[in-house]
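Trainee: turn this into a structure:
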Amino acid sequence: MPMPAVVVVNWVLGIILAIFTLIFLVRIVLTWYPQINLTQGPLKVIYWLSEPVLAPTRRIVPPLGGVDISPIIWVGIVTLLRELLVGQQGLLFILFPPA
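Mentor: Numbers count the residues shown, from 1 in each chain. Below is the predicted model:
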């Protein structure tokens with residue numbers, strides 16, 4: 001892989017993982033307001049992007065004390081993936097060190 005391609009992959013992957021972290025953080029905040037309907041209005045996009053991942057997680061880890069912790073779990077997973085793949089000591093930097 002030529003160096004510019006690695007830089008582009010690193011940048012794009014970092015952005016995608018950051019966006020998913022932000023989506024799950026918004027879902028964490030929205031769990032504080034159960035009266036909000038996530039399937040209508042502009043929040044529908046956040047629901048559409050996050051629910052396919054959160055629903056199976058809820059089956060494995062049920063809500064604790066009535067609080068849905070699945071978005072918290074996914075913030076941790078996505079943050080770990082971002083650090084392992086595109087962090088300063090991530091796999092992309094180890095496999096393809098900058099010139």
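
Trainee: low-confidence stretches in this structure?
Mentor: 1-3, 98-99 (pLDDT under 70).

Trainee: for this structure, which segments count as helices?
Mentor: Counting by DSSP state H, the chain has helices at residues 3-30, 43-60, 70-86, 91-95.

Trainee: winner for burial among those?
Mentor: helix 70-86 (a mean of 17; mean count of other C-beta atoms under 10 Å). Bear in mind the C-beta positions are built from the backbone N, C-alpha and C, glycine included.

Trainee: how about JSON lines for the helices of the chain, with distance to Asn37 added?
Mentor: Supplementary listing: these in JSON lines, determined by distance: least, C-beta to C-beta, whole Å:
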{"stretch": "helix 3-30", "distance to Asn37": "10"}
{"stretch": "helix 43-60", "distance to Asn37": "8"}
{"stretch": "helix 70-86", "distance to Asn37": "17"}
{"stretch": "helix 91-95", "distance to Asn37": "40"}
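
Trainee: which one of the ones you listed lies nearest to Ile36?
Mentor: helix 3-30 (6.0 Å; C-beta to C-beta).

Trainee: pretty sure Leu17 sits against Leu84.
Mentor: No - applying C-beta atoms under 8 Å, one finds Leu17 not in contact with Leu84, separated by 10.2 Å.

Trainee: not counting its own residues, what contacts stretch 70-84?
Mentor: Stretch 70-84 is contacted from outside by 14, 17-18, 20-21, 24-25, 27-28, 31, 50, 53-54, 57-58, 61, 90-91, using C-beta atoms under 8 Å, 6 or more residues apart in numbering.

Trainee: same thing with stretch 23-36?
Mentor: The list of residues contacting stretch 23-36 from outside it, by C-beta under 8 Å, 6+ apart, reads 38, 43, 46, 49-50, 54, 67-68, 71-72, 74-75, 78.

Trainee: quick one: Leu95 from Arg58, how far?
Mentor: Applying C-beta to C-beta, to the nearest Å, the value for Leu95 to Arg58 is 35 Å.
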